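**Q** Need a 3D model of the sequence below.
(one chain, ligands or ions: 2)
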Amino acid sequence: MTEITVNGVRVLPGFLDEGEQRALVEDLRAVVAAAPLFHPVTARGKSMSVRLTSAGDYGWVSDRRGYRYEARHPQGMPWPPIPERALRVWHQVSGVGRAPQCCLVNFYSDTARMGMHQDRDEADFDMPVVSISLGDEALFRVGGVVRGGPTKSVWLRSGDVAILSGEARLAFHGIDRVKAGSSTLLPKRGRINLTMRVVD
Ligand SMILES: O=C(O)CCC(=O)C(=O)O
Ligand SMILES: [Fe+2]
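**A** Ligands and ions are numbered 1, 2, ... in the order given. Okay, here's the model as predicted:
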């Protein structure tokens, strides 16, 4: 496994083998059973194309009041615990002593995408964001810390881990598209991305 760096974001291709990926998908079934996926809307009333849920002490939500971390799912239940298997990845790659407080779970259908944004709803940017990709490949675009600057893209494949830390912690990033049917991991097509974060 050769680590690559895309505008400062570290990518560890094939960090999880297929058995670990399958086990993690099973863990996520339990997460989604306890805290169903939902389609967030933005403060402007636009529906996001990903469906999402969270595990941990906090979950990321967005609705007409804007986006923020909340201790409960929009339907009122607490978020389930972050799967041990995901926590292990965090402790292997994050380089920090703290545990993540949120594991955001994004589900991308064939047509879903995510616009360029910074992850900046957390209190301490010395804490990295650790991402795990499962299922179909996705074109991940990374820019600098200023919107609109030059970008580089890389395909994130099932089992890849990406780390936003240091100078790249606040890098703009997004998902341009998902290559439908490029992986056989998930029973239906699509992609799951987990991002673990220390929130407060
Ligand atoms: O899906 C991805 O790889 C990135 C997700 C992301 O940037 C986010 O949830 O903030
Ligand atoms: Fe992000």
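
**Q** hey, what's the residue in the chain positioned nearest to ligand 1 bridged with?
**A** Nearest to ligand 1, among the residues of the chain, is residue 193, at 3.3 Å (CB to the nearest ligand atom). For glycine as for every other residue, the C-beta is placed from the backbone atoms N, C-alpha and C. For residue 193, the beta-bridge partners under DSSP bridges are residue 106, residue 133.

**Q** Number of residues surrounding it?
**A** Residues lying near residue 193 (other CB atoms under 10 Å) number 24.

**Q** ok, it to residue 89 distance?
**A** Distance of residue 193 to residue 89, computed by CB to CB, to the nearest Å: 13 Å.

**Q** what residues are shared contacts of those two?
**A** Jointly contacting residue 193 and residue 89 under the rule CB atoms under 8 Å, 6 or more residues apart in numbering are residue 132.

**Q** circling back: so the residue of the chain closest to ligand 1 touches residue 112, yeah?
**A** No. With contact defined as CB atoms under 8 Å, residue 193 does not count as touching residue 112 (10.3 Å).

**Q** any shared contact partners between those two?
**A** By CB under 8 Å, 6+ apart, residue 193 and residue 112 have these common neighbours: residue 175.

**Q** burial of residue 84, as a residue count?
**A** For residue 84, using other CB under 10 Å, the count is 8.

**Q** Can you check the pLDDT for it?
**A** The score at residue 84 is 98. That number is its pLDDT.

**Q** give the contact list for it.
**A** Counted by CB under 8 Å, 6+ apart, residue 84 has contacts residue 27.

**Q** just residue 147 next, same as before
**A** 116, 172.

**Q** at 6 Å instead, please
**A** By CB atoms under 6 Å, 6 or more residues apart in numbering, the contact list for residue 147 reads residue 172.

**Q** Unless I misread the structure, it falls within a strand.
**A** No. Judged by DSSP: H, G, I helix; E, B strand; the rest coil, residue 147 forms no part of a strand; its state is coil.

**Q** separation between it and residue 77?
**A** Plainly put, residue 147 is 35 Å away from residue 77 if you go by CB to CB.

**Q** do the same with residue 28
**A** 16 Å.

**Q** The two: which is more packed in?
**A** residue 28 (21 against 11).

**Q** what about the more buried one, helix or strand, and which?
**A** Using DSSP states H and E, residue 28 sits within helix 18-34.

**Q** Next, the residues that contact that helix from outside, please.
**A** With CB under 6 Å, 6+ apart, helix 18-34 has contacts from 55, 80, 83, 85, 134, 158-159, 185.

**Q** Counting neighbours, which of these end up buried?
**A** Applying 16 or more other CB atoms under 10 Å to the contacts of helix 18-34, the neighbour count classes 55, 80, 83, 85, 134, 158-159, 185 as buried.

**Q** Out of those, which sit inside helices?
**A** Judged by DSSP state H, the buried ones among the contacts of helix 18-34 include residue 85 as members of helices.
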